[in-house]
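Participant: Okay, sequence plus prediction incoming.
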Amino acid sequence: NEDDEIDEEEEDSRKRNKYVIICIIIILVMMLPSMMAFLAIF
């Protein structure tokens, strides 16, 4: 039973990490055009 609980916690943290990475990628993609425009000014 203890092992099962640990496995579930690991799965939850893995899922959370995946969502965090996806969110970061989305933010980077949304920021990319403004960064390119910022660099184009200089």
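Facilitator: Sure thing, it's come through.

Participant: now stretch 34-42, how far from the centre of its chain.
Facilitator: From the chain centre to the centre of stretch 34-42 is a distance of 24 Å (Cα atoms, centre = their mean, to the nearest Å).

Participant: all helices for the chain, in order.
Facilitator: Remark: helices assigned in the chain by DSSP state H are 2-41.

Participant: so where's it shaky on pLDDT?
Facilitator: 1-6, 42 (pLDDT under 70).

Participant: Give me the buried positions along stretch 20-35.
Facilitator: Judged by neighbour count using 16 or more other Cβ atoms under 10 Å, stretch 20-35 contains no buried positions. The way it works is simple: take the backbone N, C-alpha and C, and place the C-beta from them, glycine included.

Participant: List of residues touching that stretch?
Facilitator: Applying Cβ atoms under 8 Å, 6 or more residues apart in numbering, the set of residues contacting stretch 20-35 from outside is empty.

Participant: Spatially central, which residue of the protein would that be?
Facilitator: residue 21 (1.5 Å; Cα atoms, centre = their mean).

Participant: Look up how far residue 41 lies from that residue.
Facilitator: 30 Å (Cβ to Cβ, to the nearest Å).

Participant: follow-up on the earlier one: gap between the residue nearest to the centre of the chain and residue 28?
Facilitator: 11 Å.

Participant: Residue 40 too?
Facilitator: 18 Å.

Participant: Same check on residue 14?
Facilitator: Separation of residue 14 from residue 28 (Cβ to Cβ) stands at 21 Å.

Participant: swap in residue 22?
Facilitator: 11 Å.

Participant: With residue 37 instead?
Facilitator: 15 Å.

Participant: With residue 13 instead?
Facilitator: Residue 13 is 22 Å from residue 28, by Cβ to Cβ.
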